[in-house]
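# Pasted the sequence and its predicted model underneath.
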Amino acid sequence: MASSIPVSDSTDPGRALARRAMNVPGPAARDTTPSVGFWADVWRRLRKNRGAMIGLWITVFLIVAAIIGPSLSPYRYSDQDFDHLFEGPNRAHWFGTDELGRDVLTRVLYGARISLSIGFVASFFNVAIGVTYGAISGYAGGRVDNLMMRIVDVIYGVPLLLWVILLMVVLKPGLTNIYIALGTVYWLTMARLVRGQVLSLREREFVEAARALGVSTSRILLRHIIPNTMGPIVVTMTLSVPQAIFVEAFLSYIGLGVQAPMASWGSLASDATEVLRVAPHLVFFPGMAIVITMLAFNFLGDGLRDALDPRLRGTL
Amino acid sequence: MGGFIFRRVLSMLLVIWVVSTMTFFLMKAIPGGPFTAEKQLPPEILRNLERRYRLGDPLWKQYRDYLHNLLRLDLGPSFKYEDLTVNDIIRQGFPVSAELGVLALLFALAVGVPSGLISALRQYSFSDYFSMLWALLGVSIPSFLLATLFIYLFGLRLHVLPAGGWGTPAHLLLPAVALGMYPTGFIARLTRSSMLEVIRQDYVRTARAKGLAEITVTYRHALKNAVIPVVTYLGPITAAVLTGSFVVERIFAIPGLGRHFVTSIYNRDYTVIMGTTVFYSVFLVAMNLVVDVAYGFIDPRIRFD
């Protein structure tokens, strides 16, 4: 899919040149973001993909539930009620209660905040690092590119999960440190991807035109090149959100996740595996939340990939 | 080819050096030490222990000694298991983990490749949606949930398979499937997407046009090229699965190598942390090299320069 991303006309060399030459300020939006036409087209294709739309709606639902859900619940996530321990799902507690009589639905909704925020923050940092690194490497080319990519090759040989574990032990478990550990380690794929795109884009005429006009390198990267790589970036980001949630669940299982009384889906599910015989519902609900989130993001990501690149329609 | 392998081995050594250096200093940055316990040791004993394990040496000296021993393939004595060296730990744990891992990988290949193939050949059919949903589920369920679910279902409820332990073939089944589920899903998705891309290529049309049997076109022409991404994926996943999974080994109480990756960190068992990490890295880069060499056999378009 390397070079098949349509070049939007916001960076159309002719138009940009003419506008600059005549000193006519173009509409700001057209100058900075890929044109409405391109994304409208993507949206049109995405809407036809039923799986992707289901994924999108579930994602939206999860985000809304995470934001307003906990405040709609009559319980707080840490409220204990020793008269109602280990209750199965019932009318007062839809998802039942846990070993301290806490309402599981409220805790799952609260866990959604933590888990989703980990997914989004971690992939945001990975994207930021990966895009910057890849763009610099690809645009600089030559020896710099070679060196930067060799570094990436070396890091690829590092067992990253072990590295995350070590990092978490050094930093001490906690939400911020999970952001840091997950956000700074998994950027390699993104860097390679962006670098490949930039490598081909920098030879295009519109970049040459911008360079001829004396546009600074950082501006060329930010305004002309990176907007044209947004397609694969968005896809990779969509798929990396559930990945971060997945890794956090693993960290929770080995005791390096968020610490009580805070709770993520991963920590809820892994804590509950110890009382599985007594109360399987404690594993079931947070576990389902993880699985549904993974499915929704994957469906959405696959659909976005198809929509952004019609040539690959229906693959993966 | 010889030059290619030589250069790759050089870069492997570089990777292993980087991994051991980074791990060494990160590990030393962890607060506490192997002899920090709730019950304080008398200071004299502590001093003796530290002298014996040379923990009192300056950091650069410890680092230099470590590299030196590493070159002689001596990973040092364990801090926690007094009678064992790290080499012993790997010798005992790795065969167990590897046996389980090979089984898990065989399962992943035997299920993943055919379901990806069927999916691609019957795109948008019921069997396509069905197998892709399963594949997606496979990559969507955290392994600790899957393993717990298996134990609950087959061990505690149905009583058909042992819920944990090691020794008989029956003990292998649940953990192997739990371990193999993620690669299965991944391989199925990978096979499908690359197969879909390949069957639209001109040479496949040519093969069909010259009247070859559909089965020949599918297996000899299309699938052979479509498995290249699967081979690429097999490199890192083999390293990851064969060195053992902490989660699966802990849940099923399997005496493999996987548990040491995490417990050694909690124990501050410095030599075991370093040993297992370096062992994994060596395995990982070696598998990647094997994959790269394998390309040359599968895909004659690839030449080693």
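Right, received. Where do you want to start?
# What ranges in chain A fall below the confidence cut-off?
Across chain A, the ranges flagged by pLDDT under 70 are A:1-37, A:81-82, A:84-87, A:92-93, A:96, A:99-101, A:309-316.
# residues from it in reach of chain B?
By the rule Cβ under 8 Å from any Cβ of the partner chain, the part of chain A lying against chain B is A:150, A:153-154, A:157-159, A:162-163, A:165-167, A:169-170, A:242, A:246, A:249-250, A:253-254, A:266, A:269-270, A:273, A:276-277, A:280, A:283, A:287, A:290-291, A:294-295, A:298-299, A:312, A:314-316. Yep, even glycine has a C-beta here, placed from its N, CA and C like the rest.
# Just the closest residue of the stretch 101-250 of chain A to chain B, please.
Per Cβ to the nearest Cβ, A:Gly157 is where the stretch 101-250 of chain A lies closest to chain B, at 3.6 Å.
# My guess is A:Phe285 contacts A:Val104. True?
Yes - using Cβ atoms under 8 Å, A:Phe285 is in contact with A:Val104, at 5.7 Å.
# Between those two, tell me which one has more neighbours.
Legend: neighbour count by other Cβ atoms under 10 Å in any protein chain shown for A:Phe285 and A:Val104, higher for A:Val104 (27 against 22).
# Excluding chain neighbours, give the residue nearest to the more buried one in space.
Using Cβ to Cβ, 6 or more residues apart in numbering or on different chains and skipping residues adjacent in sequence, the residue nearest A:Val104 is A:Phe95, 3.8 Å away.
# Three-state assignment for that neighbour, please.
With DSSP: H, G, I helix; E, B strand; the rest coil as the basis, A:Phe95 sits in coil.
# From chain B, how far off is it?
16 Å (Cβ to the nearest Cβ, to the nearest Å).
# can you count the residues close to A:Met148?
By other Cβ under 10 Å, the residues close to A:Met148 number 18.
# which secondary structure element contains it?
Using DSSP states H and E, A:Met148 sits within helix A:142-156.
# Quick check: which helices or strands does that helix pack against?
helix A:104-140, helix A:188-201, helix B:2-28 (3 or more Cβ pairs under 8 Å, 6 or more residues apart in numbering or on different chains; DSSP states H and E).
# re the thing from before, ok, the residue nearest to A:Val104 - contacts?
The contact partners of A:Phe95, taken as Cβ atoms under 8 Å, 6 or more residues apart in numbering or on different chains, are A:89, A:103-105, A:108, A:281, A:285.
# One more: B:Tyr53?
B:34, B:77, B:79.
# How about B:Tyr152?
A:276-277, A:280.
# quick one: which of those residues is most hemmed in?
Within the contacts of B:Tyr152, most neighbours by other Cβ under 10 Å means A:Pro280, with 20 neighbours.
# And the residue nearest to it when sequence neighbours are not counted, what's its pLDDT?
Excluding the flanking residues, the one nearest A:Pro280 by Cβ to Cβ, 6+ apart is B:Tyr152, at 6.7 Å. Model confidence at B:Tyr152, given as pLDDT, is 83.
# same check, this time on the one 4 residues further on
According to the per-residue confidence, B:Leu156 scores 75 in pLDDT.
# correct me, but it touches B:Thr148?
No - at 10.2 Å, B:Leu156 and B:Thr148 do not qualify as touching, with contact defined as Cβ under 8 Å.
# more crowded one of those two?
B:Thr148 (24 against 12).
# Check which residues of the helix or strand harbouring the more buried one are buried.
Using DSSP H and E, B:Thr148 maps to helix B:143-150. Neighbour counts over helix B:143-150 (16 or more other Cβ atoms under 10 Å in any protein chain shown) mark B:143-150 as buried.
# What residues does the stretch 1-150 of chain B have near chain A?
Residues of the stretch 1-150 of chain B lying close to chain A (Cβ under 8 Å from any Cβ) are B:11-12, B:14-16, B:18-19, B:22-23, B:26-27, B:29-31, B:123-124, B:136-137, B:139-145, B:148-149.
# Mind doing that once more with 6 Å?
Counting by Cβ under 6 Å from any Cβ of the partner chain, the residues of the stretch 1-150 of chain B close to chain A are B:15, B:18-19, B:26, B:29-30, B:136, B:140-142, B:144-145, B:148.
# Buried ones among those?
Buried, going by 16+ other Cβ under 10 Å: B:15, B:18-19, B:26, B:30, B:136, B:140-142, B:144-145, B:148, out of the residues of the stretch 1-150 of chain B next to chain A.
# For burial, what's the neighbour tally of A:Ala272?
That count, for A:Ala272 with other Cβ under 10 Å as the rule, works out to 24.
# how much space is there between the residue lying closest to it once chain neighbours are set aside and A:Gly174?
With sequence-adjacent residues excluded and distances taken as Cβ to Cβ, 6+ apart, A:Ala272 is closest to A:Leu282, at 3.5 Å. Distance of A:Leu282 to A:Gly174, given as Cβ to Cβ, to the nearest Å: 23 Å.
# which of those two has more neighbours?
A:Leu282 (26 against 15).
# Off-centre distance for the helix or strand containing the more buried one?
Per DSSP H and E, A:Leu282 falls inside helix A:281-308. Between the centre of helix A:281-308 and the centre of its chain there are 12 Å (Cα atoms, centre = their mean, to the nearest Å).
# Could you export the contacts of B:Tyr53 as JSON lines, including pLDDT?
JSON lines is the format used below for the contacts of B:Tyr53 (pLDDT from 0 to 100):
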{"residue": "B:Pro34", "pLDDT": "73"}
{"residue": "B:Pro77", "pLDDT": "80"}
{"residue": "B:Phe79", "pLDDT": "77"}
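# Dump those to a markdown table, plus distance to B:Thr218.
Shown next, in a markdown table, are these (distance: Cβ to Cβ, whole Å):
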| residue | distance to B:Thr218 |
| --- | --- |
| B:Pro34 | 57 |
| B:Pro77 | 56 |
| B:Phe79 | 56 |
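# which of those residues count as buried?
B:34, B:77, B:79.
# And the spatially closest residue to the last one that is not a sequence neighbour, its phi and psi?
Going back to what we said before, that points to B:Phe79. Leaving out its chain neighbours, the residue that sits closest to B:Phe79 by Cβ to Cβ, 6+ apart is B:Pro34, at 3.9 Å. Dihedral angles of B:Pro34 (phi, psi; degrees, to the nearest 10) stand at phi -60, psi -20.
# Quick check: B:Pro34 touching B:Tyr266?
No - using Cβ atoms under 6 Å, B:Pro34 is not in contact with B:Tyr266; the gap is 10.7 Å.
# interface residues of the stretch 201-305 of chain B facing chain A?
B:262, B:265, B:277, B:280, B:284-285.
# And for B:Leu133, the neighbour number?
13.
# what sits against it?
Listed by Cβ atoms under 6 Å, 6 or more residues apart in numbering or on different chains, B:Leu133 has no contact partners.
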